[in-house]
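Engineer: Sequence and predicted structure below; questions after.
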Amino acid sequence: MLAEIEKLHEEIQQDLDSIDTMEQLENLRIQIVGKKGKLTAYFGALRDLDAKDKKQVAQRLNTLKDTFERLYEDKRQVLGAAQLNAQLEREYVDVSLFNSLKPHSLGHPIMQVLDRIVDYFVNMNFSIQSGPLIEDDFHNFEALNLPKFHPARDMQDTFYFKDSLLLRTHTSPVQIRTMQTHSLPIRVIAPGSVFRRDYDLTHSPMFHQVEGLVVDEAGRISFANLKFILEDFLRYIFGDVRVRFRASFFPFTEPSAEVDISCVFCEGAGCRVCSHTGWLEVLGCGVVHNNVFKAVGYENVSGYAFGLGVERFAMLLHRVNDLRSFFETDLRVLEQF
Ligand code: DAH
């Protein structure tokens, strides 16, 4: 019997060597130590042996069983690792691979237009300033010559917090903050989001503005400088358009003007978009009011300022008639840019 067991040992060794799947290994396990396995059968046969042989054979069987279990476990690990490697190989994803099926964003249309606006002024040697979105009454209104109860405050429907804090209704407060912290000459733009209680075809509660401010010693900055740069800027953005300055009112500038370009839809002939005037209003501007300089303690200076709405520019450039479609994150819309 011992000789047979020796033979079984060799057999097991050979079988294990030739196995290369988990399935084969499992079959072998059943064949050897399963209920009807060869080794199990030898254990069963022990009871027919006399006491002396029994002990010797039992010892040999136990060693073989231990050996088999160890070899089985080793093989299982080797096969398991191989299986995992094969699976990793099969499911390998090259994340660096260019995927032409996925759309590639060139940025949100509002940001594309904003970038273009900023580019112009940066090339003209303006630097960029920013300010907080939550402003106080002083910076958003008071210092801009909009005292409490001034009727022009109604032009801007404001979101208020407690303690005279509010969501800034325009980027003009950055003018004040810049003058409070910088010395002359000042030549800045301030792009950023602003907030008003408004929601319709052409208004959204959050939108973007770009503010401009140029200040230098008295007599060095005139309306002519303002006119030159805005005309040049508007042609850079809208191409070959006519530009006109129309007298208007803003509390923080005197004189003030609104600037129109010839309608980009009908080229000035008159259409629904321009209300048959041939002109589209695109920004507000003027010579900085002396009260604004007073509020920041400036004397003997002169300057101009302007402000524009980025969404309005984007609507005109891309011929979008509902401003809200910029904010609805509808891919069918965004993919067109
Ligand atoms: N702050 C104005 C607005 O919100 C825009 C504006 C007009 C800004 C004239 C200016 C300016 O700096 O001079 O509508």
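Structural biologist: That came through, no problem. Residues are numbered from 1 along each chain as shown.
Engineer: Those residues of the stretch 51-200 of the chain touching the ligand, which are they?
Structural biologist: When proximity is defined by CB under 6 Å from any ligand atom, the stretch 51-200 of the chain lies next to the ligand at 170, 172. To be clear about C-beta, it is placed using only N, CA and C from the backbone, and glycine gets the same treatment.
Engineer: Contacts only, for the closest residue in space to residue 225 that isn't next to it in sequence.
Structural biologist: Among residues not flanking residue 225 along the chain, residue 304 sits closest, at 6.5 Å (CB to CB, 6 or more residues apart in numbering). With contact set as CB atoms under 8 Å, 6 or more residues apart in numbering, residue 304 has these partners: 212-214, 221-223, 225-226, 253, 285-288.
Engineer: Please repeat the previous calculation with a cut-off of 10 Å.
Structural biologist: When contacts are counted by CB atoms under 10 Å, 6 or more residues apart in numbering, residue 304 is found next to 212-215, 221-227, 229-230, 253, 285-288.
Engineer: Show me what it is bridged to.
Structural biologist: With DSSP bridges applied, the residues forming beta bridges to residue 304 are residue 214, residue 287.
Engineer: residues of stretch 53-66 that come out buried?
Structural biologist: Burial within stretch 53-66, assessed by neighbour count using 16 or more other CB atoms under 10 Å, is assigned to 57, 60, 61, 64, 65.
Engineer: so for it, what's the average pLDDT?
Structural biologist: Model confidence over stretch 53-66 averages 92 on the pLDDT scale.
Engineer: Could I get the buried residue list for the helix or strand hosting residue 236?
Structural biologist: Secondary structure here is read from DSSP states H and E; on that basis residue 236 sits in helix 223-238. Neighbour-count burial for helix 223-238, counted by 16+ other CB under 10 Å, picks out 225, 226, 227, 229, 230, 231, 233, 234, 237, 238.
Engineer: who does it touch, helix- and strand-wise?
Structural biologist: Contacts of helix 223-238 with other secondary structure elements, assessed using 3 or more CB pairs under 10 Å, 6 or more residues apart in numbering; DSSP states H and E, are made with helix 109-123, strand 206-217, strand 243-250, strand 253-262, strand 279-288, strand 301-309, helix 310-318.
Engineer: closest one to residue 154 among these?
Structural biologist: When these are ranked by distance to residue 154, counting by CB to CB, first place goes to strand 243-250 at 13.2 Å.
Engineer: Does anything pack onto that closest one? Which helices or strands?
Structural biologist: helix 223-238, strand 253-262, strand 279-288, strand 301-309.
Engineer: want to try a markdown table for the ones you listed, with distance to residue 157 and mean pLDDT as columns?
Structural biologist: Supplementary listing: the helices and strands packed on strand 243-250 in a markdown table, determined by distance: least, CB to CB, whole Å; pLDDT from 0 to 100:
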| stretch | distance to residue 157 | mean pLDDT |
| --- | --- | --- |
| helix 223-238 | 27 | 97 |
| strand 253-262 | 20 | 97 |
| strand 279-288 | 17 | 97 |
| strand 301-309 | 15 | 97 |
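Engineer: Tabulate those in a markdown table, adding columns for distance to residue 11.
Structural biologist: Output for the helices and strands packed on strand 243-250, formatted as a markdown table (distance: least, CB to CB, whole Å):
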| stretch | distance to residue 11 |
| --- | --- |
| helix 223-238 | 87 |
| strand 253-262 | 94 |
| strand 279-288 | 92 |
| strand 301-309 | 87 |
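Engineer: Need the ones you listed in JSON lines (columns: distance to the ligand).
Structural biologist: Putting the helices and strands packed on strand 243-250 into JSON lines (distance: least, CB to the nearest ligand atom, whole Å) gives the following:
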{"stretch": "helix 223-238", "distance to the ligand": "9"}
{"stretch": "strand 253-262", "distance to the ligand": "4"}
{"stretch": "strand 279-288", "distance to the ligand": "3"}
{"stretch": "strand 301-309", "distance to the ligand": "2"}
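Engineer: excluding its backbone neighbours, what's nearest the residue nearest in space to the middle of the chain?
Structural biologist: The chain has residue 107 as the residue nearest its centroid, 8.9 Å off, counting by CA atoms, centre = their mean. Spatially, and ignoring its direct neighbours in sequence, residue 107 is nearest to residue 115 (7.3 Å; CB to CB, 6+ apart).
Engineer: How many residues are close by the one you found?
Structural biologist: Look at residue 115: counted by other CB atoms under 10 Å, it has 11 neighbours.
Engineer: all numbers from here: first residue = 321
Structural biologist: With 321 as the first residue, the last one maps to residue 435.
Engineer: isn't it right up against residue 441?
Structural biologist: No - in this structure residue 435 lies outside contact range of residue 441 using CB atoms under 10 Å: 11.3 Å.
Engineer: Give me the common contacts of those two.
Structural biologist: Taking CB under 10 Å, 6+ apart as the contact criterion, the residues that touch both residue 435 and residue 441 are residue 511.
Engineer: follow-up on the earlier one: return the most buried member of the helices and strands packed on helix 543-558.
Structural biologist: strand 621-629 (a mean of 23; mean count of other CB atoms under 10 Å).
Engineer: What distance do you get for residue 533 to residue 375?
Structural biologist: Using CB to CB, to the nearest Å, one obtains 104 Å as the distance from residue 533 to residue 375.
Engineer: What helices and strands are in contact with the helix or strand harbouring residue 405?
Structural biologist: Mapping residue 405 onto the secondary structure by DSSP H and E places it in helix 371-410. The elements that helix 371-410 packs onto, with contact taken as 3+ CB pairs under 10 Å, 6+ apart, are helix 322-338, helix 342-353, helix 358-365.
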